[in-house]
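**Student:** Sequence and predicted model, in that order:
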Amino acid sequence: MDVHHPNLGGLWLPLVTPFRDGALDEASLRRLVRHYAAEPLDGLILAATTGEGLTLDEAETERLVALAAAELAACGRRLPLFLGLSGSDTRKLAKALHHTAPWPVDGYLIACPYYTRPSQEGMVRHFAALADSTARPIMIYNIPYRTGVNLGNAALLEIVARCPNVLGVKDCCAELAQSCELLRLKPASFAVLTGEDASFHPMLAQGAEGGIIASAHVAPRGFAAVRDLLRAGDGAGALAAWHAVDELPRLLFAEPSPAPVKHWLWRAGLIDSAELRLPMTPVSEGLAARIEREMARRQAAARDAAA
Ligand SMILES: O=C(O)C1=N[C@H](C(=O)O)C[C@H](O)C1
């Protein structure tokens, strides 16, 4: 990806990481990448929240990246591939950026430093140091309810002004006023992507460039239709398309993610096991039944529409 011609907008999928018997399930990973390479997505993110990145060791992460990149290439699909990184030690993260420089990724999604609750100035200096440590594009992940710290708009815009390779933010700040102010103040070349599945349509309608949406695993075309219709200026069509998928986030986040998404993908035959790594646990029986009812309902609706 050329830093001077970035296109971080659209619908990005934070890919689940399939596991089997405690190990990375390589066959399922290849199947997943092949499947999504044929869908109208704008990018893939590996090892993010949905990809259980915090539970992967370095060798597994390297293998995950290598397999996904090779499978995309084999499919002939040039889809941007970003790697999720998180940590609260600027030096360690800078080392990770150097270390992963030869890996076949196009950029990084980097979460705000968690747990230690640094100042706004600390975060500006943190991201400036990281941006200096790679030539690749960086998307900042602002999710105060997970990290314990909110990157405010003034600090974010200072980072954007100082760092030409900070090209976007995954916005989960949970404050509509903050998100709308950012959309008003940001440079046109800087992309705001919502990371709140339930806000995909509302944020795109406010002018956000896109979203990183775990629920798109189960209905990529449904979410892509919302994106396409809004881009085409068809507000009524986009709203109708949104109403066809807007129940999914509630279902897929009814218990800690990515357990519900993995259960769905397993039942759909896209991955061989819904296995997660602790501390994440499988869905309850009740949610499993709800997911399977929704899958059956959608299959029946698709059959009726095709008849
Ligand atoms: O994997 C991610 O990155 C995502 N993160 C959000 C979260 O942290 O809750 C949700 C989004 O759907 C995907």
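**Tutor:** The structure has been received and is ready for your questions.
**Student:** Nearest to the ligand within the stretch 151-300 of the chain, name that residue for me.
**Tutor:** Proximity of the stretch 151-300 of the chain to the ligand (CB to the nearest ligand atom) peaks at Ala214, 3.2 Å away. Any C-beta I mention is one placed from the backbone N, CA and C, and that applies to glycine too.
**Student:** Quick one: residues contacting that residue.
**Tutor:** Leu13, Pro14, Val16, Thr49, Thr50, Asp197, Leu252, Ser257, Pro258, Val261 (CB atoms under 8 Å, 6 or more residues apart in numbering).
**Student:** List the buried residues in stretch 288-299.
**Tutor:** For stretch 288-299, burial by neighbour count (16 or more other CB atoms under 10 Å) applies to Ala288, Ile291, Glu294, Arg298.
**Student:** Tell me which helix or strand the last one sits in.
**Tutor:** So the one you mean is Arg298. Secondary structure assigned from DSSP states H and E places Arg298 in helix 285-306.
**Student:** about what we covered before: point out the least confident one among the buried residues of stretch 288-299.
**Tutor:** On pLDDT alone, Arg298 ranks lowest of the buried residues of stretch 288-299, at 95.
**Student:** so what does the helix holding Arg298 touch, helix or strand wise?
**Tutor:** helix 248-252, helix 259-267 (3 or more CB pairs under 8 Å, 6 or more residues apart in numbering; DSSP states H and E).
**Student:** before we move on, the earlier item: in helices, which of the contacts of Ala214 fall?
**Tutor:** Leu252, Val261 (DSSP state H).
**Student:** Just the closest of the contacts of Ala214 to Phe82, please.
**Tutor:** Pro14 (9.1 Å; CB to CB).
**Student:** With Glu158 as the reference, measure out to that closest one.
**Tutor:** Pro14 sits 27 Å away from Glu158, going by CB to CB, to the nearest Å.
**Student:** And for Ala306?
**Tutor:** Taking CB to CB, one finds Ala306 at 52 Å from Glu158.
**Student:** Name the residue in the two with the higher neighbour count.
**Tutor:** Neighbour count, other CB atoms under 10 Å: between Ala306 and Glu158, Glu158 has more, with 17 against 6.
**Student:** That one contacts Val124, doesn't it?
**Tutor:** Yes: with contacts counted by CB atoms under 8 Å, Glu158 reaches Val124, the gap being 5.3 Å.
**Student:** Need the residues that contact the helix holding Arg298.
**Tutor:** By CB under 8 Å, 6+ apart, helix 285-306 touches Ala219, Glu247, Leu248, Leu251, Ala254, Glu255, Pro260, His263, Trp264, Arg267, Ala268, Val283.
**Student:** For these, please prepare TSV with the additional fields distance to Val33, neighbour count and pLDDT.
**Tutor:** Shown next, in TSV, are the contacts of helix 285-306 (distance: CB to CB, whole Å; neighbours: other CB atoms under 10 Å; pLDDT from 0 to 100):
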residue	distance to Val33	neighbour count	pLDDT
Ala219	18	18	98
Glu247	27	12	97
Leu248	22	26	98
Leu251	24	18	98
Ala254	27	16	98
Glu255	26	17	98
Pro260	21	27	98
His263	20	22	98
Trp264	17	27	98
Arg267	19	15	98
Ala268	15	13	98
Val283	24	22	98
